[in-house]
Structures are given as structure tokens and as C-alpha cells.
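Chemist: With the sequence up front, the predicted model follows.
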Amino acid sequence: MSRATREEDLDTRIDLLRERIKDSDDLKVKGDVFDTRTLMNLYALASKGVIDALGGEISTGKEANLFYAIREGQELVIKIYRITTSNFQAMQDYMHGDPRFGNIKGTKRAVISAWTRKEFRNLKRAEEAGVRVPHPIVTRDNILIMELIGEKDNPAPQLRNVDLELDEAKRIFNKLSDYISLLYNKADLVHADFSEFNVLYDGDPVVIDMGQSVTLEHPMASKFLARDVTNIARYFEKKYGIGSEEEIWSKVKVQ
Ligand SMILES: Nc1ncnc2c1ncn2[C@@H]1O[C@H](COP(=O)(O)OP(=O)(O)OP(=O)(O)O)[C@@H](O)[C@H]1O
Ligand SMILES: [Mg+2]
């Protein structure tokens, strides 16, 4: 491709991205998500070819909004942490004690960028340890781009919204127990918000939402681990009458 064609191609892609943002009702009202800086970052990601187009919204969470995106036919998720309405103090508390991010101070934007990078690195570490998570692709300021679990018109449901056969429930419980142990014993991480809300199910469990996950140096790491174990055991006991905290603890080698 010649340089001129490449630039033309780029213009078209940015226009397309801009069009989709303008055209979508979802996106029009989202001034708190799409501030100028975030839009510029999205354009930059589009011009680098990381995304080709931006689609509709998947979810509005407490701290972030999630949208579909596409790149060369691959379906992606863009998670955008809101600058104005994020719980900035809580973010700092979760980063404090993490040697990777302990010294982040300054503006809200800087803290949220660090938080976004933290989620990216946590997902990567989890993936390397053998835990199935959405494959993280890139971050830029408050934007994280990752693999879409499920399909555009049919994203994988949260575990809390699926009814499993008993045998399948046992298999998933065992797999999640293994994941808690792999995170702790191999990735040196505690998820810190492990629950039926933050596990998707596409025939197998996929662990999501790792911004708050901490390394074992964090002063609250063992408390968070105990809470994760309780949450998962309680969910399976209540819904399926299987599993127990002891079964999960038997897989975790506590240091
Ligand atoms: N990679 C993904 N593929 C498909 N769906 C996803 C993906 N990541 C997140 N989602 C959907 O978006 C929802 C919110 O994502 P996530 O938990 O990461 O954000 P959050 O800001 O913590 O939201 P919440 O406050 O609701 O937990 C998830 O519960 C899930 O339904
Ligand atoms: Mg969540």
C-alpha cells in the first residue's frame, strides 16, 4: 500500500469510527465516558489499526463502560474507565502495597491510567498462569482493549445467569477452585472480586474484571483471598448444593 493510500485508508477508518460514535444513541449521551481525551485516544487506536470500528454498548459498570469493537473481523471489547465517576480513593487503596503501582500519585487521570494498566497486567499474568481470561490486547490511558467472550450479538452470560446441570456445575466449581489456586500459587495474585458476577460462561468459565486484583505483597491479600473463597463456595452451595470452602482451600497452598 502506498503512503497516500494508507493515509486515505486511515482517514476513512477514523471517519467511520467517528460516524459510529455520532450515530449511536448509546454513545451520544455518554459525555462522561467520551470526553475529548478519550475520543482522541480512540482515534489514535484506530489510526494505529488496533480497532477498525466501534459498536454499541455491552455494559455500564460501576467504574467503566464496555463497548464492542471490531478489528479485521475479530470481535473485541473496549473497556473505558470513567474519569469523573470512578472511585479514585478505592483505586489508590488497591494499588497501595503493589510494588508495580505503589508509587502512583497525582491526578485522577494518572491514577485511573495506572489502574487500567494494572488490569491489563493482571489479565496477562493470569493468562500466563493458565487461567482463562479475555486475552488483553492493549491499553491507552483509561482504555483497555481485550478479546470478546461470546459473540457480538450474543456475549457470554455471567455465571449467575446460567443454570448448569449438576455434573457441569461440579466441573465448573472444580475449575474455578483450580483458578483461585493458579492465581495465588502461580501468578502471585488474588482476584479480590471473584464471584458469579465476574465469571462468564461460554461452555467453560472465563474470569473477568481484574482491575482490583492484587499481588501477594498487598497488606489485604490474604483477607481478599478468604473472601474470594467464601464467595465462590457460597454460590455453588446455595445454588447447586455442592462444593465447600474446604475443597477450595485444599487446592491453595497458603504461604
Ligand atoms: N471480554 C468480555 N467479553 C464479553 N463480555 C464482557 C467482557 N468483559 C466484560 N464483559 C461484560 O461486561 C460486564 C462488566 O464488565 P466488568 O465486570 O469488567 O466491569 P465493571 O466496571 O467492573 O462492571 P461491574 O461494576 O458491573 O462489575 C461483565 O459483567 C460482562 O457481562
Ligand atoms: Mg464486574
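Modeler: Received it, and whenever you're ready, just let me know what you need. Ligands and ions are numbered 1, 2, ... in the order given.

Chemist: Show me which residues of this protein are close to ligand 1?
Modeler: 58-59, 61-64, 66, 77, 79, 134, 146-150, 155-156, 158, 197-198, 200, 208-209 (Cβ under 6 Å from any ligand atom). No exception for glycine: its C-beta is placed from N, CA and C like everyone else's.

Chemist: hmm, which of those residues are the buried ones?
Modeler: Buried by 16 or more other Cβ atoms under 10 Å: 58, 63-64, 66, 77, 79, 134, 146, 148-150, 155-156, 158, 197-198, 200, 208-209, out of those.

Chemist: Can you flag which of those residues belong to strands?
Modeler: Taking DSSP state E as the definition of strands, those contribute 58, 64, 66, 77, 79, 146, 150, 155, 200.

Chemist: Now these in JSON lines, please, with extra columns for pLDDT and distance to ligand 2.
Modeler: Formatted as JSON lines, those follow (pLDDT from 0 to 100; distance: Cβ to the ion, whole Å):
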{"residue": "58", "pLDDT": "90", "distance to ligand 2": "12"}
{"residue": "64", "pLDDT": "93", "distance to ligand 2": "9"}
{"residue": "66", "pLDDT": "93", "distance to ligand 2": "10"}
{"residue": "77", "pLDDT": "96", "distance to ligand 2": "12"}
{"residue": "79", "pLDDT": "96", "distance to ligand 2": "10"}
{"residue": "146", "pLDDT": "98", "distance to ligand 2": "13"}
{"residue": "150", "pLDDT": "95", "distance to ligand 2": "15"}
{"residue": "155", "pLDDT": "93", "distance to ligand 2": "13"}
{"residue": "200", "pLDDT": "98", "distance to ligand 2": "10"}
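
Chemist: Looking at the residues you listed, spot the one nearest residue 173.
Modeler: residue 200 (15.8 Å; Cβ to Cβ).

Chemist: My guess is the closest one contacts residue 149. True?
Modeler: Yes. If you go by Cβ atoms under 8 Å, residue 200 and residue 149 touch, sitting 4.9 Å apart.

Chemist: if you skip the residues just before and after it, what's nearest to the residue of the stretch 51-200 of the chain found nearest ligand 2?
Modeler: Using Cβ to the ion, the single residue of the stretch 51-200 of the chain nearest to ligand 2 is residue 198, 4.7 Å away. Excluding its sequence neighbours, the residue lying closest to residue 198 (Cβ to Cβ, 6 or more residues apart in numbering) is residue 209, at 4.3 Å.

Chemist: can you pull the contacts of that neighbour?
Modeler: 119, 193, 197-198 (Cβ atoms under 8 Å, 6 or more residues apart in numbering).

Chemist: Need those residues in CSV (columns: pLDDT).
Modeler: Shown next, in CSV, are those (pLDDT from 0 to 100):
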residue, pLDDT
119, 98
193, 97
197, 97
198, 98
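
Chemist: Now the two most distant members of the residues you listed.
Modeler: Pairwise over the contacts of residue 209, using Cβ to Cβ, the maximum falls at 119 and 197, 15.8 Å.
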